[in-house]
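Peer 1: Starting from these lines, generate the structure:
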Amino acid sequence: MKKLLVFVLALVSVSAFANLQGKWTGWGEWKYQGSGVGCYTFLNFSENDKVLKRLPTAFDCQVAVLHILEETWEKQGESLVINGEVVGTVQNDHYMMTEQYDENVTTKTDIKVEGNHLDYKEMWYDQGQELYEITGRLFRKQ
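Peer 2: Predicted coordinates:
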């Protein structure tokens, strides 16, 4: 019985962190036309039942820095919404968002949270053609 209680508490503590809330740090890679450069990655999110908010941060790749701007998504069920338009989804620990960088460039972000780490993938497209691929593994800062 004691082992079962410890196992249940471990599951509860892991699932309690299965969201993007908090500061994340780790490493990643920024690829352009097949060549990549390593990056130190930093993300910061605020999340509750109604809103997912990405706070300003950066991917520091030494030769280039990707500044990540603040964005707020309204949560409507499993949908992420900006200005009444569905631009993403959230299902348990899996987040997918599409953002329009400018009239030609679109980004698609895929984030999977598992316990205290996340896997990050951001694809940039210029008029539908792949431009950049940014990936990373980040860990929640305690």
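
Peer 1: Any regions of the chain where pLDDT drops low?
Peer 2: Applying pLDDT under 70 to the chain flags the ranges 1-18, 142.

Peer 1: Just the helices from it, written as ranges.
Peer 2: For the chain, the helices defined by DSSP state H occupy 2-16.

Peer 1: Spatially central residue for the chain, please.
Peer 2: By Cα atoms, centre = their mean, the chain has its centre lying nearest to residue 111, at 4.2 Å.

Peer 1: dump the residue contacts of residue 111.
Peer 2: By Cβ atoms under 8 Å, 6 or more residues apart in numbering, the contact set of residue 111 is 20, 94, 95, 96, 118, 119, 120, 121. Heads up, the C-betas are built off the backbone N, CA and C, glycines and all.

Peer 1: and which of those residues is nearest residue 129?
Peer 2: residue 121 (17.5 Å; Cβ to Cβ).

Peer 1: Quickly note the distance from the closest one to residue 61.
Peer 2: Using Cβ to Cβ, to the nearest Å, we find residue 121 at a distance of 16 Å from residue 61.

Peer 1: Also residue 47?
Peer 2: The separation that residue 47 has from residue 61, given Cβ to Cβ, amounts to 26 Å.
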